[in-house]
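**Student:** here is a sequence together with a model predicted from it:
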Amino acid sequence: MKTNDLIERLESFGDTIAIIQQDVVVTYQQLVLNIHKYTDLLVRNGVVSGDVMALEGDFSPTSIALLLAIWNCNAVAMPLTVASHDRRERCIRIAGCRWRCHGLNDPPRIDRLYSGETDEQELIQKLKHRNHPGLILFTSGTTAEPKAVLHDSTLFLRKFRPSRPAMITLAFLMFDHMGGLDTLFYTLGNGGRLIILNGVKRSPEEVAIAIEHHRIELLPTSPTFLNFLIMSEVYKNYDLSSLKRISYGSEPMPESTLKRLTQIFPEVNLAQSYGTSELGVPRVKSMSSESTWIRIGGEGFETKVVAGQLKVRSSTAMMGYLNAISPFDDDGWYATGDMVETDPTGEYYRILGRASDLINVGGEKVAPAEVESVLLGADNIADVMVTALPNPILGQMIVARVVLLCPEPVVELSHRLRSFCQGKLAAYQTPLKFEVVERLEQTSSGKKWRNKSRE
């Protein structure tokens, strides 16, 4: 789908409300007017096809209009949120940004970073030759250099051509993450209403208040947040009856958490999503609301499993990395790094976790998510993250970092949880060490930050 086709669709929704952020209400007509206003602003400043622009700002009516204005100029947008502050200059350098745009206020401020000739990346030149706009997203980078993912925006938008139900949706995921952008274009592309919360943190109470006040129908989030929602019990204090669908992704869903969700929200469709920065977000169908088995597919997507790892081939995948070699094989398959189980029909998969997260205990491979799912079913456990420490005999040992509902001595806790695991986990899957912590580290996308824990 071309950018102007999407803008025409937005225009067709007229005076319908498109975006609400606190006391700011923006209709589709106003959104389109802003897109054209910002397009003229960019052109007057000298932005041309193929230019890379850092778009700084979280979800807001201004940043959304700016994103589409950049694409309307056939330029390349690189969203950067407040959460990416520590690596902002590094990302700008990697992408070779010619422009920086501050999308927090209206009118936005546009700064030229380079006025002379620059050595364009080969992939940027290829995109420019197509006369297509682009999108740059960064993979999660902590100590290592983050990878700059380049998408052809015309191909990226192809998913949103078919009409889907219009829903009132919370912008929970981030503006510079694939899941957040998928939420954005699914909502606006179908004439829905996007509800934006201020700030980066999303507390269970803040989300519950927004659901009640705005009658939100779709909540896209992470299993970690949903576990917080359960443990906080704020769902008892607010009217969440407007919810029709909760989609969750970015990490494996513990079966114990999913079971509790089906009990708390029996009328809500619980659906797992799946996606990566490199591939986008394909169509996913859960076997049922109670199941963690999913079927991945949709137009232009193919899947297969090799040595337990999911591989995907997509006609709308990224063009490549700007600062790393292509991860695609000669036939166009991308190894996702996600380990999966396959059901007997071969149609459905169950995500076990990242291959890099698997723990090697004396030659046996342990998926942290499986252990976490069992431990979350024990009494007095608010949350848990399983990771590994080196062990001279086993190679690695399993460590469970737990957040408690009520204080409990570590020695008693350890004995109780080991007894609880008997019959539910194999001996090699049972943690050898338990640590009590006040909170677990999270990434900006709301999932457990296992690498941070190891550090």
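**Tutor:** Good, I have the coordinates.
**Student:** just the CA coordinates for the helix or strand hosting I209, please, in CSV.
**Tutor:** Using DSSP states H and E, I209 sits in helix 204-214. This file holds the C-alpha atoms of helix 204-214, laid out as CSV (Å, rounded to 0.1, in the frame of the first residue of the first chain):
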residue,chain,number,x,y,z
PRO,A,204,-1.9,-1.8,35.9
GLU,A,205,-4.0,0.9,37.6
GLU,A,206,-3.3,3.5,34.9
VAL,A,207,-4.3,1.1,32.2
ALA,A,208,-7.4,0.0,34.1
ILE,A,209,-8.5,3.6,34.5
ALA,A,210,-8.0,4.2,30.8
ILE,A,211,-10.0,1.1,29.8
GLU,A,212,-12.9,2.2,32.0
HIS,A,213,-12.8,5.8,30.9
HIS,A,214,-12.4,5.4,27.2
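**Student:** packing partners for that helix?
**Tutor:** strand 168-170, strand 193-196, strand 218-221, helix 223-232 (3 or more Cβ pairs under 8 Å, 6 or more residues apart in numbering; DSSP states H and E). For every residue, glycine as well, the C-beta is placed using N, CA and C.
**Student:** now do the buried residues in the third one.
**Tutor:** Of the residues in strand 218-221, those buried under the neighbour-count criterion (16 or more other Cβ atoms under 10 Å) are L218, L219, P220, T221.
**Student:** average pLDDT for stretch 155-175?
**Tutor:** Across stretch 155-175, pLDDT averages out at 93.
**Student:** one more: stretch 422-437?
**Tutor:** Stretch 422-437 comes out at a mean pLDDT of 92.
**Student:** just stretch 71-91 next, same as before
**Tutor:** Stretch 71-91 comes out at a mean pLDDT of 87.
**Student:** quick one: low-confidence parts of the stretch 201-350 of the chain?
**Tutor:** Along the stretch 201-350 of the chain, segments meeting pLDDT under 70 span 201.
**Student:** in it, which spans are strands?
**Tutor:** Taking DSSP state E, counting those that start in this stretch to define them, one finds strands in the stretch 201-350 of the chain at 218-221, 245-248, 269-272, 283-286, 293-297, 301-306, 309-314, 320-321, 334-342, 349-354.
**Student:** before we move on, back to that, any idea which of the buried residues of strand 218-221 is closest to M78?
**Tutor:** P220 (22.4 Å; Cβ to Cβ).
**Student:** follow-up on the earlier one: so which of the strands of the stretch 201-350 of the chain comes closest to L155?
**Tutor:** strand 309-314 (9.3 Å).
**Student:** identify the residue spatially nearest to A317, adjacent ones excluded.
**Tutor:** L279 (5.2 Å; Cβ to Cβ, 6 or more residues apart in numbering).
**Student:** show me what contacts that neighbour?
**Tutor:** L279 is in contact with F301, V312, S314, T316, A317, M318, Y334, T336, counting by Cβ atoms under 8 Å, 6 or more residues apart in numbering.
**Student:** for this protein, longest helix please?
**Tutor:** Using DSSP state H to define each element, the chain has its longest helix at helix 28-45.
**Student:** gap between that one and the chain center?
**Tutor:** 28 Å (Cα atoms, centre = their mean, to the nearest Å).
**Student:** helices and strands around that helix, which ones?
**Tutor:** Against helix 28-45 (3+ Cβ pairs under 8 Å, 6+ apart) you get helix 3-12, strand 17-21, helix 61-72, strand 109-112.
**Student:** quick one on the thing from earlier: can you redo the helices and strands packed on helix 204-214 as TSV with distance to S12?
**Tutor:** Shown next, in TSV, are the helices and strands packed on helix 204-214 (distance: least, Cβ to Cβ, whole Å):
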stretch	distance to S12
strand 168-170	19
strand 193-196	16
strand 218-221	21
helix 223-232	34
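**Student:** skipping adjacent residues, who's closest to the most centrally placed residue in the chain in space?
**Tutor:** Nearest residue to the geometric centre of the chain (Cα atoms, centre = their mean): G179, 3.7 Å. Using Cβ to Cβ, 6+ apart and skipping residues adjacent in sequence, the residue nearest G179 is L173, 4.1 Å away.
**Student:** in CSV: the buried residues of strand 218-221, plus distance to L432.
**Tutor:** Output for the buried residues of strand 218-221, formatted as CSV (distance: Cβ to Cβ, whole Å):
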residue, distance to L432
L218, 41
L219, 37
P220, 36
T221, 32
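**Student:** which of those sits closest to G297?
**Tutor:** Nearest member of these to G297, counting by Cβ to Cβ, is P220, at 19.4 Å.
**Student:** which residues does that closest one contact?
**Tutor:** T169, L170, F172, L173, G179, T183, I246, S247, Y248, G249, S273.
**Student:** can you redo those as a markdown table with distance to L41?
**Tutor:** Output for the contacts of P220, formatted as a markdown table (distance: Cβ to Cβ, whole Å):
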| residue | distance to L41 |
| --- | --- |
| T169 | 28 |
| L170 | 30 |
| F172 | 30 |
| L173 | 28 |
| G179 | 29 |
| T183 | 26 |
| I246 | 38 |
| S247 | 35 |
| Y248 | 38 |
| G249 | 35 |
| S273 | 35 |
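**Student:** in PyMOL, how would I select the buried members of those residues?
**Tutor:** A single PyMOL command selects the buried members of those (16+ other Cβ under 10 Å):
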select buried, resi 169+170+172+173+179+183+246+247+248+249+273
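**Student:** so which of the contacts of P220 comes closest to K128?
**Tutor:** G179 (27.8 Å).
**Student:** and what about that closest one, helix, strand or coil?
**Tutor:** helix (DSSP: H, G, I helix; E, B strand; the rest coil).
**Student:** now for it: which residues touch it?
**Tutor:** Here G179 is in contact with L173, P220, G249, S250, S273, G275, V281, S445 (Cβ under 8 Å, 6+ apart).
**Student:** make TSV out of those and add distance to R88.
**Tutor:** Output for the contacts of G179, formatted as TSV (distance: Cβ to Cβ, whole Å):
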residue	distance to R88
L173	19
P220	25
G249	26
S250	22
S273	28
G275	24
V281	25
S445	17
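**Student:** just give me the closest of the residues you listed to N4.
**Tutor:** V281 (23.1 Å).
**Student:** for the longest helix of the chain, list the C-alpha coordinates in PDB.
**Tutor:** C-alpha atoms of helix 28-45 as PDB (Å, rounded to 0.1, in the frame of the first residue of the first chain):
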ATOM      1  CA  TYR A  28      -9.300  11.800  11.000                       C
ATOM      2  CA  GLN A  29     -10.000  15.000   9.100                       C
ATOM      3  CA  GLN A  30      -7.600  16.900  11.400                       C
ATOM      4  CA  LEU A  31      -5.000  14.200  11.300                       C
ATOM      5  CA  VAL A  32      -5.000  14.300   7.500                       C
ATOM      6  CA  LEU A  33      -4.700  18.100   7.500                       C
ATOM      7  CA  ASN A  34      -1.700  17.800   9.900                       C
ATOM      8  CA  ILE A  35      -0.100  15.200   7.600                       C
ATOM      9  CA  HIS A  36      -0.300  17.600   4.700                       C
ATOM     10  CA  LYS A  37       0.800  20.600   6.800                       C
ATOM     11  CA  TYR A  38       3.900  18.700   8.000                       C
ATOM     12  CA  THR A  39       4.600  17.400   4.500                       C
ATOM     13  CA  ASP A  40       4.800  21.000   3.300                       C
ATOM     14  CA  LEU A  41       7.000  21.900   6.300                       C
ATOM     15  CA  LEU A  42       9.500  19.100   5.400                       C
ATOM     16  CA  VAL A  43       9.600  20.000   1.800                       C
ATOM     17  CA  ARG A  44      10.200  23.700   2.600                       C
ATOM     18  CA  ASN A  45      13.100  22.700   4.800                       C
END
